[in-house]
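>>> model the structure of this input:
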Amino acid sequence: MAKWRPLIAVCLGTFMLLLDVTIVIVAMPEIADALDASLSGLQWVLDIYALTLAALLLGAGVLADIVGRRRVYAVGTALFAAASLACGLAVNSTTLVLFRGLQGIGAAAMFATTLSLLGAAYQGRDRSVALGVWGAVSGAAAACGPILGGVLTQSVGWRWIFFVNLPVSVLAVWLTLRTVSESRSPRGKRVDWAGTAAFALFAGGTTFAVVRAEAVGWGSAQTVLAFAVAAVSLIAFVVVERRTAHPLLDLSLFRRPAFVGVMVGALALNAVAFGVLPYTSIWLQTLLGMSPIRGGLVLIPLAVAAFVAAALSGRLLHGASARLTIGGGLLLIGGGTLGQAVLDADSSWPALTAGLVVCGFGVGLVNPSVAGAALAAVPAENAGMAGGAVNTFRQLGYAFGVAVFGTVATARMEHSLHGTADPHGAAHALAGGGAEALRGVLPAHRLHSAFAAGLDTANAVAGAIGLLAAALVLILVRTPRTPRTPRTARTARTPGTPRPVPSDPSSAPSSAPSSAGDRARLEVSGEH
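A predicted model of the protein is given here:
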């Protein structure tokens with residue numbers, strides 16, 4: 001049991017920080033009422049956390065490689081706890097967004113070190129088991145967020161979705177300092193501050209543009225300027241990374257098709273599986289009249305399926321090809337999301353169940369697979385860079401998914417409400433949880449029909465993206481061939497004599513990868 005204590009310490013923090021990505025989902029209607037938040041404000045409460053988390057992961061990973069991964073993890077957890085307290089005390093949507101951003105900074109320091117800490121603590125089959133458990137916790141955390149959020153919001157109020165982080169943070173820091181060994185890269189590495197700033201501007205500019213585009217127009221000066229800032233920042237990031245001696249992200253990795261495939265899988269995972277859920281939760285509560293707890297419980301099939309699939313994959317799929325687990329998992333995520341695009345004005349929550357289960361199984365397959373492939377992609381001293389890269393793409397996927405699918409859903413609602421006095425305003429109010437205020441203006445059936453159409457369109461677009469990402473992974477990530485021993489190289493043996501047995505079994509040669517991580521290393525690095 002003692003050898004798994006570092007895993008417990010890491011999983012505590014991982015569960016908590018990923019829980020906070022989605023725990024706000026069910027509380028959105030309550031937050032909107034309490035803080036008088038608009039749809040754009042609600043999107044930023046969700047997106048600013050995922051955005052700062054994604055934008056700073058790479059820099060935090062490299063910083064951890066230099067100053068110590070355990071130290072950065074513990075400091076990040078303390079900052080996360082302080083920001084959580086501030087979020088719970090927020091008096092308006094602006095301060096809540098501000099402190100959610102600070103919370104994301106602490107989460108970035110935590111998340112960037114989780115994989116490298118596990119990579120330093122475990123090897124071989126133990127690493128596969130550890131990554132399987134970590135993947136199960138990761139998938140279950142994001143999926144359980146709406147459920148726990150509903151329980152806390154209805155029982156003690158929405159502010160407790162942040163206060164609950166405080167005791168868990170204290171336990172995580174204590175356990176980390178007692179059981180996790182410090183690890184770092186050799187001396188001489190430097191933090192790429194310019195690259196960190198450029199990447200943060202790119203991620204922030206892109207998300208801001210998408211969130212604001214629906215409200216002010218895709219061709220507005222504000223939207224165009226935000227996209228321009230994002231484009232220039234991306235170019236600057238590439239230039240900086242190519243010239244610096246200590247890059248934030250080794251861009252040469254993107255010359256390898258398999259590595260690109262793994263990053264595509266990480267990006268699509270959170271975007272497709274979780275990007276539409278905030279609007280699903282609003283539909284359940286404001287259109288179907290469910291309580292926060294009941295609305296959260298509707299999503300429990302996804303959480304259970306994700307946990308079961310991830311836990312089993314670490315044991316049963318040991319050594320399996322990352323191409324099949326990531327690609328196959330994305331097929332399930334895409335298919336399950338498409339299976340949720342079946343709503344109409346008379347639909348209720350059971351219509352979502354089958355799609356949520358299929359999607360959850362996909363999440364459980366992809367989560368540990370992308371983690372193992374990321375760790376295997378680089379030498380051990382750059383584990384922070386690998387963990388930061390895959391987790392960056394995951395969280396960018398969620399931030400972009402919430403923004404893009406929210407825009408898609410709202411645009412479809414506006415189209416469905418065409419012919420009313422103010423279809424644009426009504427669609428934004430509906431998507432932002434304001435159905436109750438519209439009931440005296442528009443027929444209830446019309447509101448149900450419009451919201452269902454918006455959810456269907458968003459799920460259909462998300463599902464199509466998931467299937468496309470699965471195809472790209474299956475094409476780009478190739479399973480290496482195990483080299484055969486040449487016949488001429490085999491040792492001659494006189495018939496009837498016993499085969500020689502190595503004195504030390506560990507010294508016996510093996511041409512096959514010894515673990516899922518080793519196999520993933522061959523795939524991602526392109527070795528054959």
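>>> residue 200 contacts residue 55, doesn't it?
Yes. Residue 200 lies in contact with residue 55 (Cβ atoms under 8 Å); the separation is 3.9 Å. (Glycine included, C-beta is placed from N, CA and C.)
>>> these two: which has the busier surroundings?
Ranked by neighbour count (other Cβ atoms under 10 Å), residue 200 and residue 55 place residue 55 first, with 27 against 19.
>>> tell me who's in contact with the residue nearest the centre of the chain.
Among the residues of the chain, the one closest to the centroid is residue 394, at 3.8 Å (Cα atoms, centre = their mean). Counting by Cβ atoms under 8 Å, 6 or more residues apart in numbering, residue 394 makes contact with 54, 266-267, 269-270, 370.
>>> got it, and residue 396?
50-51, 54, 203, 267.
>>> could you rerun that using 10 Å?
Applying Cβ atoms under 10 Å, 6 or more residues apart in numbering to residue 396 gives the contacts 50-51, 53-55, 57, 199, 202-203, 206-207, 266-267, 270-271.
>>> and for residue 459?
Counted by Cβ under 10 Å, 6+ apart, residue 459 has contacts 272, 275-276, 279-280, 336-343, 352, 355, 359, 405, 408-409.
>>> the helix or strand harbouring it - what's its average pLDDT?
Taking DSSP states H and E as the definition, residue 459 sits inside helix 444-476. The pLDDT scores in helix 444-476 average 94.
>>> tell me which of the contacts of residue 459 fall in helices.
Within the contacts of residue 459, residues falling in helices by DSSP state H are 272, 279-280, 336-338, 352, 355, 359, 405, 408-409.
>>> among the contacts of residue 394, which two are most distant?
By the measure Cβ to Cβ, 54 and 370 form the most distant pair in the contacts of residue 394, at 14.6 Å.
>>> inside helices: which ones of the contacts of residue 394?
Short answer: those in helices (DSSP H) are 54, 266-267, 269-270, 370.
>>> can you tell me which of the residues you listed lies closest to residue 132?
Set against residue 132, the nearest of the ones in helices among the contacts of residue 394 by Cβ to Cβ is residue 370 (12.7 Å).
>>> any idea how far the spatially closest residue to the closest one that is not a sequence neighbour is from residue 249?
Distances taken as Cβ to Cβ, 6 or more residues apart in numbering put residue 266 closest to residue 370, at 4.8 Å, once the chain neighbours are dropped. Residue 266 sits 13 Å away from residue 249, going by Cβ to Cβ, to the nearest Å.
>>> what does residue 420 give?
Using Cβ to Cβ, residue 420 is found at 48 Å from residue 249.
>>> now do residue 465
Distance, residue 465 to residue 249, by Cβ to Cβ: 23 Å.
>>> sketch out the low-pLDDT regions of the stretch 151-300 of the chain for me.
186-189, 214-215 (pLDDT under 70).
>>> quick one: the helices in it?
Along the stretch 151-300 of the chain, counting by DSSP state H, counting those that start in this stretch, helices occupy 160-163, 165-179, 193-216, 221-243, 257-274, 277-282, 292-297, 300-316.
>>> which strands or helices does the shortest one pack on?
For helix 160-163, the contact count by 3 or more Cβ pairs under 10 Å, 6 or more residues apart in numbering; DSSP states H and E identifies helix 5-22, helix 69-88, helix 93-121, helix 124-155 as packing neighbours.
>>> before we move on, what about the last one?
For helix 300-316, the elements it packs on are helix 124-155, helix 257-274, helix 322-338, helix 350-376, judged by 3+ Cβ pairs under 10 Å, 6+ apart.
>>> likewise for the longest one?
Applying 3+ Cβ pairs under 10 Å, 6+ apart, one finds that helix 193-216 contacts helix 39-67, helix 221-243, helix 383-416, helix 423-431.
>>> need those in CSV with distance to residue 259, can you?
As requested, these are exported to CSV (distance: least, Cβ to Cβ, whole Å):
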stretch, distance to residue 259
helix 39-67, 15
helix 221-243, 15
helix 383-416, 9
helix 423-431, 37
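>>> ok, which of those comes nearest residue 474?
helix 383-416 (17.9 Å).
>>> give the rounded mean pLDDT of the closest one.
Helix 383-416 comes out at a mean pLDDT of 83.
>>> what comes up buried for that helix?
383-414, 416 (16 or more other Cβ atoms under 10 Å).
>>> and residue 24, how many neighbours does it have?
Neighbours of residue 24 under the rule other Cβ under 10 Å: 26.
>>> and it, what are its phi and psi?
phi -80, psi -20 (degrees, to the nearest 10).
>>> from residue 266, how far off is the closest residue to residue 268 other than its chain neighbours?
What sits nearest to residue 268 in space, not counting adjacent residues and going by Cβ to Cβ, 6+ apart, is residue 469, at 3.5 Å. Per Cβ to Cβ, residue 469 is found 10 Å from residue 266.
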